[in-house]
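Enquirer: From the sequence below, what's the structure:
(chains A and B)
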There are 2 protein chains.
Amino acid sequence: MSTQAATAAARRSKITPERETELYEAVIRLLREGGYDAVTMEGVAALTKCGKATLYRQWGTKPQLVTAALAHRRCAFFTGIDTGSLAGDLREAARAAGSRRDRDVELMEAVSQAYTRHPDLRDALRATVIDPEVAALDEMLRRAVERGEIDADDPAAGFVAPCFLGMLRVERLFEERFADEAALRGLVDAVLLPALRVDG
Amino acid sequence: MSTQAATAAARRSKITPERETELYEAVIRLLREGGYDAVTMEGVAALTKCGKATLYRQWGTKPQLVTAALAHRRCAFFTGIDTGSLAGDLREAARAAGSRRDRDVELMEAVSQAYTRHPDLRDALRATVIDPEVAALDEMLRRAVERGEIDADDPAAGFVAPCFLGMLRVERLFEERFADEAALRGLVDAVLLPALRVDG
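Expert: As a prediction, the model looks like this:
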C-alpha cells in the first residue's frame, strides 16, 4: 500500500464499514445512471446525507472516491489464486473472472469512457484496480518459471494478461455481453496453455 | 452488399464523392468533440450547409449516417488479405491493423460508449464495421483448413478474432495507446500460431 493510500485508509477508519459501503453504493448508482460527469461530491453528499467536507477530507478528490467505490465493488479476481500449477491457476482465474465479474455493461462503459477523458481517474484506477490484477497474473507466471513449467523468457508469457483482459472486454462486440467462464476457460485451454507449451 | 445497403448507396450516388467525404468528416468532428449525443442531423446540416431533408433522404437515420462515416474513415483492415499461408495472412493483418488503425482514442471511446447505449447504432456498426473484419479473419482460417495447415475443428481457431480485437482494445489499459504493429505481431508469433500449431 502506498503512503498516500495508507493515509487515506487511516482517515476512512473513522467511519464504519457499513457507512463506507453506503457511500460507495451511492457513487456507483450515480455513475451507472449518468456516467462519470454525473458523479459529484454534492450529489453523493445529498444521496447519503453526508457532509461534503467529510467526503473531501476522507477521499480527497472525486477520482479517488470513484476509484475506491469501484475497487470496493469489483474485488480482485486474480489475487490470492495459487493452485500449485500454471494450468490450475489460469483455469481458476477464468472461473473467478467469469463468475464474479461485474456484468453491468453500462457501468463498465461509463468507467471506460471516463478513463480516457480524465487522467486523474485513470491513474487512480490503474493503481488500485488494473495493476493488481495484472500483477496477480504475472505472479502466476513467475511461480511457473520457478517450478520449471515455462522458460523465464517464454515469448507467450507477456501476452497472458492482455489476452485475458482483452477477452473480457471484446466479447461484448460479438455477443452483447462480457466473456463468461466458458469463453475464458476456452481461451486458457485452447490458446494460452498450448502457446506456453504447458500440458493441462 | 445487403439490399438495404445497396439502396442507400444508390441514393448516395447522386452526391459527389468529395461532398460525401465532407459530410462524413463533419460527423466525425462532432463525434470526437462531444460524443454520439452531440451528433445531430441539424448540426451536420449546419456544418456542411446541406439540407436536413437531404441527409435524411440519403442516410435514413442518425445511426446509419454515423456508421457510414466511421466505415468510410476506418476502411477495412483485414479484407482482401491473402498471402497464401496462415502465418503470412495473420502477420499481414497485424501490419495492417497496427499501421493503419485509427489512433484517435477519443473517437473510439465515443463510439464505444454509444455502442452500449444505442442499439440502433450497434446493429449498424456491427453490420458494416465489425462483422466484415471478423469474417475476413475467419476466411483466413477457412483457407488454412483447405490447405491442410490446421484442422477444421481446431479449438484455437475460434479465439483468433477475439484475441486480435481484444489486443487492439486492451493495450490502452497498460500503455495509454491502442496496440501497435509490434504488439500485434508478437501476439501472432508467440500466441496464435503456436496455439494453432502452425510453423511460421
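Enquirer: C-alpha from now on. contacts and neighbour counts both.
Expert: Noted.
Enquirer: Can you pull the domain assignment for chain A?
Expert: By the assignment in automatic domain parsing, chain A contains the domains A:3-73, A:86-196.
Enquirer: What are the boundaries of the helices in chain A?
Expert: Here chain A has its helices, by DSSP state H, at A:3-12, A:17-34, A:41-48, A:52-59, A:62-74, A:86-100, A:105-117, A:119-125, A:131-146, A:160-175, A:181-186, A:193-195.
Enquirer: Let me know which of these is the nearest to residue B:25.
Expert: With CA to CA as the measure, helix A:105-117 is the member of the helices of chain A nearest residue B:25 (21.9 Å).
Enquirer: hang on, residue A:195 packs against residue A:156?
Expert: Yes. If you go by CA atoms under 8 Å, residue A:195 and residue A:156 touch, sitting 6.2 Å apart.
Enquirer: Chain B versus the nearest residue to residue A:197 once chain neighbours are set aside, what's the distance?
Expert: Sequence neighbours aside, residue A:150 is the residue nearest to residue A:197 in space, at 7.6 Å (criterion: CA to CA, 6 or more residues apart in numbering or on different chains). Going from residue A:150 to chain B by CA to the nearest CA, to the nearest Å gives 13 Å.
Enquirer: Residue A:168 too?
Expert: Using CA to the nearest CA, residue A:168 is found at 8 Å from chain B.
Enquirer: How about residue A:54?
Expert: Going from residue A:54 to chain B by CA to the nearest CA gives 31 Å.
Enquirer: pLDDT wise, what is that residue at?
Expert: The per-residue pLDDT reported for residue A:54 equals 90.
Enquirer: Run a quick neighbour tally on it.
Expert: By other CA atoms under 10 Å in any protein chain shown, the residues close to residue A:54 number 13.
Enquirer: Could you find the closest non-adjacent residue to the residue of chain A found nearest chain B?
Expert: Going by CA to the nearest CA, chain B is nearest to residue A:166 of chain A, at 3.9 Å. Closest residue to residue A:166 apart from its sequence neighbours, by CA to CA, 6+ apart: residue B:166 at 3.9 Å.
Enquirer: So that neighbour sits against residue A:161, correct?
Expert: No. At 11.1 Å, residue B:166 and residue A:161 do not qualify as touching, with contact defined as CA under 8 Å.
Enquirer: And the two? Which one has more around it.
Expert: For residue B:166 versus residue A:161, neighbours defined as other CA under 10 Å are more numerous around residue B:166 (23 against 17).
Enquirer: give me every residue that touches the more buried one.
Expert: By CA atoms under 8 Å, 6 or more residues apart in numbering or on different chains, the contact list for residue B:166 reads A:162-163, A:165-167, A:169-170.
Enquirer: May I ask which two of these are separated the most?
Expert: It's A:162 and A:170 that sit farthest apart of those, by CA to CA, at 11.5 Å.
Enquirer: Those two: who's more crowded?
Expert: With neighbours defined as other CA under 10 Å, residue A:162 and residue A:170 compare such that residue A:170 has more, 24 against 21.
Enquirer: Tell me the pLDDT of that one.
Expert: pLDDT for residue A:170: 68.
Enquirer: Find the residue closest to the residue nearest to the spatial centre of chain A in space, skipping its chain neighbours.
Expert: By CA atoms, centre = their mean, chain A has its centre lying nearest to residue A:129, at 3.9 Å. Closest residue to residue A:129 apart from its sequence neighbours, by CA to CA, 6+ apart: residue A:71 at 6.0 Å.
Enquirer: same deal with residue A:191?
Expert: Leaving aside its chain neighbours, residue A:191 sits nearest to residue B:195 (5.0 Å; criterion: CA to CA, 6+ apart).
Enquirer: coming back round to it: so what's the residue nearest to the centre of chain A up against?
Expert: Applying CA under 8 Å, 6+ apart, the residues near residue A:129 are A:67, A:71, A:76.
Enquirer: number of nearby residues for the nearest residue in space to the first one that is not next to it in sequence?
Expert: Beyond its immediate neighbours in the sequence, the residue positioned closest to residue A:67 (CA to CA, 6+ apart) is residue A:125, lying 5.5 Å away. The burial count assigned to residue A:125 is 22, neighbours taken as other CA under 10 Å.
Enquirer: Kindly report the same for residue A:19.
Expert: Applying other CA under 10 Å, we find 12 residues neighbouring residue A:19.
Enquirer: Kindly provide the distance from it to residue A:40.
Expert: 18 Å (CA to CA, to the nearest Å).
Enquirer: what's the burial count for the residue nearest to residue A:191?
Expert: When neighbours are counted by other CA under 10 Å, residue B:195 registers 25.
Enquirer: same question, residue A:58
Expert: Quick note: residue A:58 (other CA under 10 Å) scores 20 neighbours.
Enquirer: and what of residue A:56?
Expert: By other CA under 10 Å, 14 other residues sit near residue A:56.
Enquirer: residues in contact with it?
Expert: Residue A:56 is in contact with residue A:41, counting by CA under 8 Å, 6+ apart.
Enquirer: Ok, residue A:134 next?
Expert: Listed by CA under 8 Å, 6+ apart, the contact set of residue A:134 reads residue A:161.
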